[in-house]
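1. heads up, no residue letters with this:
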């Protein structure tokens, strides 16, 4: 299993950029890196996914170095509503990746005024 | 994408009883999973619900305690049997589909069933 390591918690203020880094040293060739967001009393929700280099969508950017052993989720200009737990997953079922989609501890992001 | 509903959304049960949780998906999906999330904790995979065959359980979870049915590609049930207070948790159903824009897997989750065992 591709074990992932993330900071347990992070604090930020509204309007700031937040970067959450995830380590995944034993990522397999066919594994993708996916980030999920979870609010209390809800199931996790897909944020962004990448394989290598940089991916950007309407809510976040994902930076993946060439060795793919880590990844960084970047949230631009966070607001109070971004307070949530963020999970980094490494795996690939349909892509033939070697790892199941296993959730790590996640990072509790708290955004304040 | 996939939209998932679960029933019930929450329940309070007595020790020793069983509860069956239903998961309905709005499209046919091959891969369906059941997770447990204890208060303040991450998600733990219970099993993979296989259509037409027995579920595949993760270490620490057994069929007698968590029997799973998967009669078709849009529906599954998880039963929590002979419940104890330690089973108090949120139980989530999820499915995996091909990612958008040709990327890897994308996992969708139901809203969860909050179970309290007294």
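-> Received the coordinates, thanks. As the structure is a prediction and not an experimental result, all values here were calculated from the model.

2. how far off centre is stretch A:69-77?
-> 7 Å (Cα atoms, centre = their mean, to the nearest Å).

3. outside of that stretch, which residues touch it?
-> A:15-25, A:27, A:33, A:35, A:47-48, A:50, A:59-64, A:82, A:86, A:88, A:109 (Cβ atoms under 8 Å, 6 or more residues apart in numbering or on different chains). Using the backbone N, CA and C atoms, a C-beta is placed for each residue, glycine as well.

4. so where's the longest strand in chain B?
-> Using DSSP state E, we find that the single longest strand of chain B is strand B:89-98.

5. strand partners of it, parallel vs antiparallel please.
-> strand B:31-37 (antiparallel), strand B:105-109 (antiparallel), strand B:113-117 (antiparallel) (DSSP bridges).

6. any of the contacts of stretch A:69-77 buried? List them.
-> Using 16 or more other Cβ atoms under 10 Å in any protein chain shown as the burial test, these include A:18, A:20, A:22, A:24, A:27, A:33, A:35, A:47-48, A:50, A:60-64, A:82, A:86, A:88, A:109 as buried.

7. and chain B, which of the residues you listed contact it?
-> residue A:50 (Cβ under 8 Å from any Cβ of the partner chain).

8. so which of the buried ones among the contacts of stretch A:69-77 are in strands?
-> Using DSSP E, those in strands are A:18, A:20, A:22, A:33, A:35, A:47-48, A:50, A:61-64, A:86, A:88, A:109.

9. quick one: which of those is nearest to chain B?
-> residue A:50 (7.6 Å; Cβ to the nearest Cβ).

10. look up the residues forming beta bridges with the closest one.
-> residue A:33.

11. next up, the contacts around it.
-> Residue A:50 neighbours (Cβ under 8 Å, 6+ apart): A:32-33, A:62, A:64, A:71, B:103.

12. then residue A:5?
-> A:22-24, A:104.

13. do you know how far the closest residue to residue A:113 other than its chain neighbours is from chain B?
-> Leaving aside its chain neighbours, residue A:113 sits nearest to residue A:14 (5.7 Å; criterion: Cβ to Cβ, 6 or more residues apart in numbering or on different chains). Distance check for residue A:14 against chain B: by Cβ to the nearest Cβ, to the nearest Å, it reads 25 Å.

14. show me what contacts residue A:14?
-> Applying Cβ under 8 Å, 6+ apart, the residues near residue A:14 are A:78-80, A:111-113.

15. please report how far it lies from residue A:8.
-> 22 Å (Cβ to Cβ, to the nearest Å).

16. do residue A:15 as well
-> In terms of Cβ to Cβ, residue A:15 sits 24 Å off from residue A:8.

17. repeat for residue A:46
-> In terms of Cβ to Cβ, residue A:46 sits 22 Å off from residue A:8.

18. residues making contact with stretch B:54-74?
-> With Cβ under 8 Å, 6+ apart as the test, stretch B:54-74 has contacts from B:24-30, B:32, B:34, B:44-52, B:76-82.
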